[in-house]
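S.K.: Provided below are the primary sequence and the corresponding predicted coordinates.
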Amino acid sequence: MKRTLAALFGAFTLVAAGPLAPSTAATPSITPGQVTTGFSGIAYGSYIFNSDKTLTSGPTANSSIGCTGLTGLTSTNSAAALNVPAVGAVGAAATSVRTLETATGKRIEGRSVVGSANLLGGLITAGTISSVSIADKNTAGAFSGTNQTNIANLKVLGLPVAANPAPNTVIDLNVPLLGSLGKITLNGQEKKLVNGTYQVSTTALRVEVLKAGIAGVKAGTDIRLGVSLAKLTPAQVGYAAGAGFTTKSTLATGLLGSGPTAYASLSCSAGTQTVNLAGTTLTGLATVGASTTTTTTVVSPALKGTVTNSLAGLNVLSGVIQADAIKAETSASRATAGGVVTLTDTSTFTNLRITGLPAINASVAPNTVVQVPGLGKVTLHKVTKTSAAIVVTMVEIVLNQSIGGLPTGSTIQIGYSNTGIRN
């Protein structure tokens, strides 16, 4: 639907909501707590980019919940105001995603609030911008969804626009002397059911610049503010979770120093992902050869997740620690909902050696800790487990002095695999 600005003055529409399929009037045979579904949702404040990716800002204040069937979960985030050169200013953002049991079934909802916006040199201005996306499944198995958008004090080309625009309202970005340069979509929303997954999404304000003309703003620039997404997915006996990477450094303060490199995570549904890296260097500390991280999720006949990180060579401090190859590989599986989780660790070293420590070789026992002069504490084949998850780091170094720009106390992880099963 495309409208002129004049047609929007004073317009007000009720929130679009309603069941995807009619519910039955019969007394439900199950309670709300017995409704089976999976949950997946995200919300963020702003995401600004152009088609050639020379500009990317966000997603900011990203909150997310995924790969779970549990209610009572909440994810929240916030971000300070930001300025994007040529594009404009975006106010502070706050977001949340939560899963819950209602009086009639189960629900996931995503919420996004952005404090203000001043875009494209004042062509578009607004006060508080908010969106809400809610997806419900009731005891009869019917889906329903709700989209909400509110944009306070919105003005386009200096003209006011109602705070509650109709769903998917489109305004021509017709700039005086420049003509039509793109479009603005207000209260962009969608509800759909695809392969058993019900999705509700809302974008409060989206600006698409389709032609050049505004100084410093390329054609293909896309501005999205106040975005929320809620999905109900087919129920599973559980969800595989985990990830792998080649290298990562963390400062003693907890801040990320570098990486993770060759990072790949397990999918909630069946599938395989592979990430390759030609090689990497931790300046002044270590070099790592070509590496690959592969994650595989199987959902039938039994749920199983496997994460494998393989690297072709390691050299720390010019030969103090060396290995021809390292494989970090873990898996987690469960046959039935609520059943016992089986965890495996098939990680290996090939020709591992440490200068001055001849007893260290490829057969080193898990969780072996050594002190290496001039380097720090080194843990080899570090393994931690719970009843439903396993984490392996093949080489973990905690520096006892500053090396290569990393301060004392920094932690370096090389060859990482983590898998688990969650409800």
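M.R.: Right, received. Where do you want to start? Numbers count the residues shown, from 1 in each chain.
S.K.: mind checking how far the longest strand anywhere in the chain is from the chain centre?
M.R.: Scanning the chain for the longest strand, with DSSP state E as the assignment, gives strand 179-194. Put simply, strand 179-194 sits 23 Å off its chain's centre (CA atoms, centre = their mean, to the nearest Å).
S.K.: thought residue 295 was touching residue 242?
M.R.: Yes. Look at residue 295 against residue 242 with CB atoms under 8 Å: they come within range, at 7.3 Å. The C-beta positions use only the backbone N, C-alpha and C, and glycine is treated the same way.
S.K.: residue ranges of the helices in the chain, please?
M.R.: 5-8 (DSSP state H).
S.K.: thinking again about what came up before, send me the longest strand of the chain as CSV with only the CA atoms.
M.R.: Taking C-alpha atoms only, strand 179-194 is exported to CSV below (Å, rounded to 0.1, in the frame of the first residue of the first chain):
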residue,chain,number,x,y,z
GLY,A,179,13.0,13.6,-7.3
SER,A,180,12.1,10.2,-6.0
LEU,A,181,15.2,8.6,-4.4
GLY,A,182,13.7,5.7,-2.6
LYS,A,183,10.9,4.7,-0.3
ILE,A,184,10.0,4.6,3.4
THR,A,185,8.0,1.7,4.9
LEU,A,186,6.2,2.2,8.2
ASN,A,187,4.9,-0.6,10.4
GLY,A,188,6.3,-3.2,8.1
GLN,A,189,4.9,-6.5,9.2
GLU,A,190,4.4,-10.1,8.2
LYS,A,191,2.8,-13.3,9.5
LYS,A,192,3.5,-16.6,7.8
LEU,A,193,3.4,-20.4,8.4
VAL,A,194,6.1,-22.3,6.4
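S.K.: just list what it packs against, helices and strands only.
M.R.: For strand 179-194, the elements it packs on are strand 143-151, strand 169-175, strand 197-209, judged by 3 or more CB pairs under 8 Å, 6 or more residues apart in numbering; DSSP states H and E.
S.K.: can those go into CSV with extra columns for mean pLDDT?
M.R.: Below are the helices and strands packed on strand 179-194 laid out as CSV (pLDDT from 0 to 100):
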stretch, mean pLDDT
strand 143-151, 98
strand 169-175, 95
strand 197-209, 97
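S.K.: among those strands, which is nearest residue 351?
M.R.: strand 197-209 (47.2 Å; CB to CB).
S.K.: could you list the paired strands of that closest one along with their orientation?
M.R.: Strands that pair with strand 197-209, judged by DSSP bridges, come out as strand 179-194 (antiparallel), strand 221-233 (antiparallel).
S.K.: tell me the angle that strand makes with strand 143-151.
M.R.: Strand 197-209 and strand 143-151 are oriented at 20 degrees to each other (axes from the mean of the first three to the mean of the last three CA atoms, to 10 degrees).
S.K.: show me how far strand 197-209 is from its chain's centre.
M.R.: For strand 197-209 - counting by CA atoms, centre = their mean - the centre lies 17 Å from the chain centre.
S.K.: then that strand to CSV, C-alphas only?
M.R.: Only the C-alpha atoms of strand 197-209 are listed here, as CSV (Å, rounded to 0.1, in the frame of the first residue of the first chain):
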residue,chain,number,x,y,z
THR,A,197,7.2,-22.8,11.6
TYR,A,198,5.0,-19.8,12.4
GLN,A,199,6.7,-16.4,12.1
VAL,A,200,5.6,-12.9,13.1
SER,A,201,7.9,-10.0,12.2
THR,A,202,7.7,-6.2,12.6
THR,A,203,10.0,-3.4,11.4
ALA,A,204,8.8,0.0,12.7
LEU,A,205,10.6,2.2,10.2
ARG,A,206,12.6,1.2,7.2
VAL,A,207,14.2,3.6,4.7
GLU,A,208,15.5,2.3,1.3
VAL,A,209,17.7,4.7,-0.7
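S.K.: measure how it sits relative to strand 169-175, angle-wise.
M.R.: Using the same axes, to 10 degrees: strand 197-209 against strand 169-175 is 20 degrees.
S.K.: contacts only, for the residue nearest the centre of the chain.
M.R.: In the chain, the centroid-proximal residue (CA atoms, centre = their mean) is residue 64; its distance is 6.5 Å. Residue 64 makes contact with 41-43, 75, 97, according to CB atoms under 8 Å, 6 or more residues apart in numbering.
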